[in-house]
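> From the sequence below, what's the structure:
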Amino acid sequence: MASPCRIIFFGTPNFAIPTLRHLLQGPDEVIAVVTQPDREKGRGRKVIPSPVKELCLQHGLTLLQPEKVREEAFQEKMKSLQPELFVVVAYGQILPKSLLKIPKHGAVNVHASLLPKYRGAAPIPWAILKGERLTGVTTMMMDEGMDTGDILLQTEIPIGDDETSKTLHDRLALLGAQLLLETMKAMKTGNIHPIPQDHSKATYAPPFKKEDGRIVWSKEAKEIDRQVRALNPWPGAFAEWNGQLLKIYKGEVREGLSKGKIRVVSWVGSDFIEVGTGKDSYIIREVQLEGRRRMSVREFLTGHVITVGTVLG
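Numbering: from 1, shown residues only. Predicted coordinates for the structure are as follows:
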């Protein structure tokens with residue numbers, strides 16, 4: 001693969017930003033960027049461009065936003081640009097074989113897991129939810145499947161005891177950008193050897209729905225803690241209190257110190273609320289009441305009364 005290389009970049013969310021920035025600063029030529037169409041978001045249903053689109057506009061890059069990448073007109077446009085390589089980072093659509101055949105050197109994907117573990121749209125929260133101690137980033141050659149292509153390079157990092165999806169996302173995004181540069185360098189020197197995935201070891205990471213945030217207090221406190229951290233910031237773990245939805249963004253496990261009943265508040269301190277679970281108890285530290293901002297429990301308790309014996313739904 002020659003240098004500089006003609007690249008078309010596919011990406012949409014913040015996770016893709018560090019990789020695109022690295023490419024723009026490097027020797028290769030980003031001839032176009034493909035991102036998802038602008039979507040309505042928030043209570044006001046305001047149309048919001050993707051983070052990748054905003055960066056493209058800052059740099060005056062050629063930008064394409066097809067509803068479906070299978071559209072014939074879009075694929076003809078791709079052919080006319082004569083790319084040598086696609087780089088794909090959290091784009092949001094599966095690329096068909098007809099599209100993957102266009103670039104001379106195929107398509108490289110940056111995926112936020114140690115494949116074949118956690119194929120799919122939400123590998124970061126699933127790694128936390130399942131209690132993994134390690135995760136990482138994989139670069140792979142794309143095929144028609146969902147994250148099934150041959151592995152190029154991998155790098156791993158530990159998952160911290162208090163790691164949230166937000167903190168892990170930010171670390172993996174930077175790691176992915178660096179790994180893509182290493183992958184590109186190795187491809188140019190011919191010093192890379194794709195390795196087929198062991199499909200028998202594959203696990204999956206489908207996207208979450210809002211309802212997945214509902215806390216089941218009969219689970220062990222450590223499972224609830226993983227759920228809170230995995231679903232922070234979205235969709236947020238939640239319980240029901242006083243007929244309202246109460247999101248819980250931060251807490252910790254208290255082992256063996258509470259004989260409280262499941263779902264029942266067993267202790268209220270100046271800056272925490274302790275709730276009984278299926279095993280041990282869970283200490284709530286940061287919350288958000290429906291329609292309000294996120295705040296510490298200390299702030300929350302200045303305006304709301306929760307007493308021992310309160311039942312959380």
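
> pLDDT below threshold where in the protein?
43, 257-259 (pLDDT under 70).

> what's the offset of the longest strand seen in it from the middle of its chain?
For the chain, the longest strand by residue count, based on DSSP state E, is strand 244-254. Offset of strand 244-254 from its chain centre (C-alpha atoms, centre = their mean, to the nearest Å): 21 Å.

> Partner strands of it, with direction?
Strand pairing for strand 244-254, using DSSP bridges, gives strand 237-241 (antiparallel), strand 281-289 (antiparallel).

> Let's have those in TSV, adding distance to residue 260 and mean neighbour count.
Any C-beta I mention is one placed from the backbone N, CA and C, and that applies to glycine too. Putting the strands paired with strand 244-254 into TSV (distance: least, C-beta to C-beta, whole Å; neighbours: other C-beta atoms under 10 Å) gives the following:
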stretch	distance to residue 260	mean neighbour count
strand 237-241	15	20
strand 281-289	6	21
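
> List of residues touching the longest strand of the chain?
Residues from elsewhere that reach strand 244-254 (C-beta atoms under 8 Å, 6 or more residues apart in numbering): 162, 213, 215, 221-222, 224-225, 228, 232-233, 236-240, 274, 280-290, 294, 312.

> let's go with 6 Å and repeat that
221-222, 225, 228, 232, 236-239, 280-290 (C-beta atoms under 6 Å, 6 or more residues apart in numbering).

> Then stretch 285-302?
Stretch 285-302 is contacted by residues 244, 245, 246, 247, 248, 249, 250, 251, 271, 272, 273, 284 when judged by C-beta under 6 Å, 6+ apart.

> Can you tell me which of the residues you listed is closest to residue 38?
Using C-beta to C-beta, residue 247 comes nearest to residue 38 of the contacts of stretch 285-302, at 27.0 Å.

> Specify the beta-bridge partners of that closest one.
With DSSP bridges applied, residue 247 shows beta-bridge pairing to residue 238, residue 288.

> Measure how buried it is and give me the count.
Residues near residue 247, counting by other C-beta atoms under 10 Å, number 22.

> any idea how far residue 233 is from it?
Remark: distance between residue 247 and residue 233 (C-beta to C-beta, to the nearest Å) = 10 Å.

> cool, residue 183 as well?
Taking C-beta to C-beta, one finds residue 183 at 29 Å from residue 233.

> Residue 197 too?
Counting by C-beta to C-beta - residue 197 and residue 233 are separated by 30 Å.

> Who has more neighbours out of the two?
A count of neighbours by other C-beta under 10 Å puts residue 197 above the other of residue 197 and residue 233, at 19 against 12.

> for the closest residue to that one other than its chain neighbours, helix, strand, or coil?
Closest residue to residue 197 apart from its sequence neighbours, by C-beta to C-beta, 6 or more residues apart in numbering: residue 116 at 4.4 Å. Assigned with DSSP: H, G, I helix; E, B strand; the rest coil, residue 116 falls in the coil class.

> give me the number of residues near residue 116?
Residue 116: 20 surrounding residues under other C-beta under 10 Å.

> I'd like to know how far the nearest residue to residue 219 once chain neighbours are set aside sits from residue 240.
By the measure of C-beta to C-beta, 6+ apart, the closest residue to residue 219 outside its immediate chain neighbours is residue 278, 5.3 Å from it. From residue 278 across to residue 240, the span is 18 Å (C-beta to C-beta).

> Please name the residues that touch residue 205.
Contacts of residue 205 by C-beta under 6 Å, 6+ apart are 118, 120, 122, 123, 126.

> mind giving me CSV with those and columns for distance to residue 256 and secondary structure?
What follows is the contacts of residue 205, written out as CSV (distance: C-beta to C-beta, whole Å; DSSP: H, G, I helix; E, B strand; the rest coil):
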residue, distance to residue 256, secondary structure
118, 32, coil
120, 36, coil
122, 33, coil
123, 33, helix
126, 29, helix
